[in-house]
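1. here is my input; please provide its structure:
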Amino acid sequence: MFIYHASKLIFMSLFVATIIYNNDLERGYIGDKKSTMAAVKCMSVLGIFLGCWVGNVSSVSAESVTTAPAAITPTFDCQKAEGEVENLICQQADLAALDQQMATVYAEAMKRLPKDDLATQKAMQRGWIKGRNECWKANDVKACTESAYKTRIVELQVMSGQLEVPNAVNLRCVKTDPTTLLDSSQPVTAIFYNQTDPASLVLTTVDSQWLLLGERAGSGIRYAGQNVMYEEHQAK
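-> Numbering: from 1, shown residues only. As a prediction, this is how the structure comes out:
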């Protein structure tokens, strides 16, 4: 667009100079230094104005290009996105960022895990993707998708040793409900990973281990996992 305006200014400068020259020709003033200098000055002023204007436009345009933030995109091709969940990830920058983080954490996990575990984790990752895409059935599709990403990311970080392991805490469980999985006869250790998002907890017994994710609950925090829940209160 600025090239169009620049062309107009050049034409105007030449047009004005031509008028001055023709006037001199009619009056027999050709060769008069004053008239010739007037034409030159007119063209010079317009030329300077044109140069400044084009320079400013070019500078602003270049600045706009260099400062424009890059769009966050997921690791998969959005042109080939299938289903509601994948299309939502392409539309939401925060979900796309989680997809990027997932790819980074997963790649790092594949480097750290024993070779015998790689095939299992690859199968689990394929299963996780299918499970994530099932979030279209949830009442809140975005919340379900976000939770799926965060759960899997923490799981990979913990199991592959990507996090500094805090000191373990010994818990004493009291069986007050017949359906409770743990009781005082089973030693339980807890490792609280406050550096994950969300905060997480790994509970370990002699023969089982659970990964739980934290969420605020009243005056404390609740950690929930598959068929397991651990809750803390500030007063206790």
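2. list the neighbouring strands of the top strand by length along the chain plus their orientation.
-> Assignment by DSSP state E gives strand 209-217 as the longest strand of the chain. When pairing is defined by DSSP bridges, strand 209-217 lines up against strand 200-204 (antiparallel), strand 220-225 (antiparallel).
3. which residues touch stretch 203-211?
-> Under the criterion Cβ atoms under 8 Å, 6 or more residues apart in numbering, residues 151, 154-155, 158, 171, 182, 186-191, 200-202, 212, 225-226, 228, 230 lie in contact with stretch 203-211. Where C-beta positions appear, they are placed from N, C-alpha and C, glycine not excepted.
4. ok, 6 Å please
-> Identification of contacts with stretch 203-211 by Cβ atoms under 6 Å, 6 or more residues apart in numbering yields 155, 186, 188, 189, 190, 202, 225, 228.
5. ok, the residue nearest to the third one when sequence neighbours are not counted to residue 158 distance?
-> If I follow you right, that is residue 188. Leaving aside its sequence neighbours, residue 188 sits nearest to residue 171 (Cβ to Cβ, 6 or more residues apart in numbering; 4.4 Å). From residue 171 over to residue 158 the distance is 18 Å, taken as Cβ to Cβ, to the nearest Å.
6. likewise for residue 152?
-> For residue 152, the distance to residue 158 equals 11 Å [Cβ to Cβ].
7. again, but for residue 204
-> 11 Å.
8. which of those two has more neighbours?
-> Shown here are residue 204 and residue 158; by other Cβ atoms under 10 Å, residue 158 has more neighbours (19 against 14).
9. which SSE is that one in?
-> Assigned by DSSP states H and E, residue 158 belongs to helix 141-159.
10. counting by contacts, list what whichever helix or strand comes after that helix packs against.
-> Moving toward the C-terminus from helix 141-159, the next helix or strand (DSSP H and E) is strand 169-171. When contacts are defined as 3 or more Cβ pairs under 6 Å, 6 or more residues apart in numbering; DSSP states H and E, strand 169-171 sits against strand 188-193.
11. partner strands of the strand it packs on, parallel or antiparallel?
-> Strand 188-193 is paired, per DSSP bridges, with strand 169-171 (antiparallel), strand 200-204 (antiparallel).
12. could you list the residues in contact with it?
-> 166, 168-171, 173, 182, 200-205.
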